[in-house]
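Q: okay, here's the prediction I keep looking at, along with the sequence it came from:
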Amino acid sequence: MKILAIESSCDEFSISIIDNKKILTNIISSQIKQHEAFGGVVPELAARLHLESIDYTLLAALKESKLDINEIDYIAYTERPGLIGSLIIGKLVGESIAEYINKPLIALDHIEGHIFGANINNKFEYPVLAMVVSGGHTQIEMVYSPNDFEVIGATVDDAIGECYDKVARVLGFKYPGGALIDKQAFVGNKNAFNFTQPKNDGSYDFSYSGLKTNVINTIHNLKQNHKEIPINDICASFQFAATNIIEKKLQKAIEEFKPKTLTIAGGVSANCELREVIKLLGKKNNIKNTIIPEFQYCTDNAAMIAKLAYEKLK
């Protein structure tokens, strides 16, 4: 069973081909440099750049997989959630290819895809407790099968990745700034500032707007009083507040839902502190099947959509 998958939900246009369990190719056309000048993703620009990437990514994917387009059995694409213009591009490409080779078309969920990105070179044992962290999403999901997902907690405002990028911008870091905060945090003092614990209320929901405001106001106050900005300490204290609440909520979810697999997914799953949190929670709670996704499957990519499609069809 050969599936060609398309991912275009934000600022990456990606095409991947899976042959049963094996990923044959995962071509990604990234737009980070084009959006860097604006300090974030510009939706209209993202959609236009996707149009320019179609030929290259499709031809490169077929060449690398050594397949003819007519050998494909299914076409899958990201239907939701994401930037509407970018999603439309992926949908139209998927529909065009499916019509051309007369093969079934499968519309899939971006978040579910991220979760199954962790399953590409691993094997889920159900139920799975998944922590989804990205620029647009922060949520905890229980996965009972490839067709049975339950969101038990989600952000009510800013996502964790969005919060990281906004704090990074005020610190003077280039977009995307989350990785730079992660790097600086490791040489800073996490106890230097007592930043707001986001929505520390015993629920499974998240709220990062208060933490974002707290950190940004602290930086502005230091500047107004002509004091030195201890960047490393601010990064460390911010990262501790942002990730410690995830650790607390996941521990509570582990105790309630008793998962057989613990994993993390989404672009922010590349964060070193969060990866360590997942490892420690797995060890502490004796969850032997604790899965940390490979870095190449953390950010938006079509391999995760291909894997999701394969598992659903299987």
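A: Yes, it's here.
Q: from now on I want contacts and neighbour counts done on CA atoms only, so please keep to that.
A: Will do.
Q: from Ala107, how far off is the residue nearest the centre of the chain?
A: Centroid-nearest residue in the chain: Gly266, 1.8 Å away (criterion: C-alpha atoms, centre = their mean). Distance, Gly266 to Ala107, by C-alpha to C-alpha, to the nearest Å: 19 Å.
Q: so where's this protein uncertain?
A: Scanning the chain for pLDDT under 70 picks out no residues.
Q: repeat that for 80
A: 37, 39 (pLDDT under 80).
Q: walking through it, point out its helices one by one.
A: Applying DSSP state H to the chain gives helices spanning 32-36, 43-65, 84-101, 110-117, 160-171, 178-185, 209-224, 231-257, 272-284, 302-313.
Q: kindly reformat the ones you listed as CSV containing distance to Met1 and mean neighbour count.
A: Shown next, in CSV, are the helices of the chain (distance: least, C-alpha to C-alpha, whole Å; neighbours: other C-alpha atoms under 10 Å):
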stretch, distance to Met1, mean neighbour count
helix 32-36, 33, 15
helix 43-65, 14, 17
helix 84-101, 15, 19
helix 110-117, 18, 27
helix 160-171, 35, 23
helix 178-185, 37, 20
helix 209-224, 45, 17
helix 231-257, 34, 20
helix 272-284, 33, 17
helix 302-313, 8, 26
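Q: quick one: these as JSON lines, columns for distance to Phe13 too.
A: Listed next are these as JSON lines, based on distance: least, C-alpha to C-alpha, whole Å:
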{"stretch": "helix 32-36", "distance to Phe13": "12"}
{"stretch": "helix 43-65", "distance to Phe13": "6"}
{"stretch": "helix 84-101", "distance to Phe13": "8"}
{"stretch": "helix 110-117", "distance to Phe13": "13"}
{"stretch": "helix 160-171", "distance to Phe13": "20"}
{"stretch": "helix 178-185", "distance to Phe13": "21"}
{"stretch": "helix 209-224", "distance to Phe13": "29"}
{"stretch": "helix 231-257", "distance to Phe13": "29"}
{"stretch": "helix 272-284", "distance to Phe13": "25"}
{"stretch": "helix 302-313", "distance to Phe13": "8"}
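Q: how about the contacts made by the nearest residue to Asn189 once chain neighbours are set aside?
A: Once flanking residues are discounted, Asn189 sits nearest to Asp233: 4.8 Å by C-alpha to C-alpha, 6 or more residues apart in numbering. Asp233 makes contact with Ala185, Val187, Gly188, Asn189, Lys190, Asn191, Ala192, Phe193, according to C-alpha atoms under 8 Å, 6 or more residues apart in numbering.
Q: same thing but at 6 Å, please
A: By C-alpha atoms under 6 Å, 6 or more residues apart in numbering, the contact set of Asp233 is Gly188, Asn189, Ala192.
Q: of the residues you listed, grab the buried ones for ChimeraX.
A: Command for ChimeraX that selects the buried part of those, burial taken from 16 or more other C-alpha atoms under 10 Å:
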select :188,189
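Q: need the contacts of Asp233 in TSV (columns: distance to Glu36).
A: Output for these, formatted as TSV (distance: C-alpha to C-alpha, whole Å):
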residue	distance to Glu36
Gly188	26
Asn189	29
Ala192	30
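Q: can you tell me which of the contacts of Asp233 are in strands?
A: Counting by DSSP state E, these place none of their members in strands.
Q: list just the nearest of the contacts of Asp233 to Glu99.
A: Comparing those against Glu99 with C-alpha to C-alpha places Gly188 closest, at 54.9 Å.
Q: out of the helices of the chain, the one nearest Ile3 is which?
A: Taking the helices of the chain one by one with C-alpha to C-alpha, helix 302-313 is closest: 6.3 Å.
Q: residues making contact with that closest one?
A: Ala5, Ile6, Glu7, Ser14, Ile15, Ser16, Asn26, Gly113, His114, Phe116, Gly117, Pro146.
Q: the first one contacts Ala76, correct?
A: By that I understand Ala5. Yes. Between Ala5 and Ala76 there is a contact under C-alpha atoms under 6 Å: 4.5 Å.
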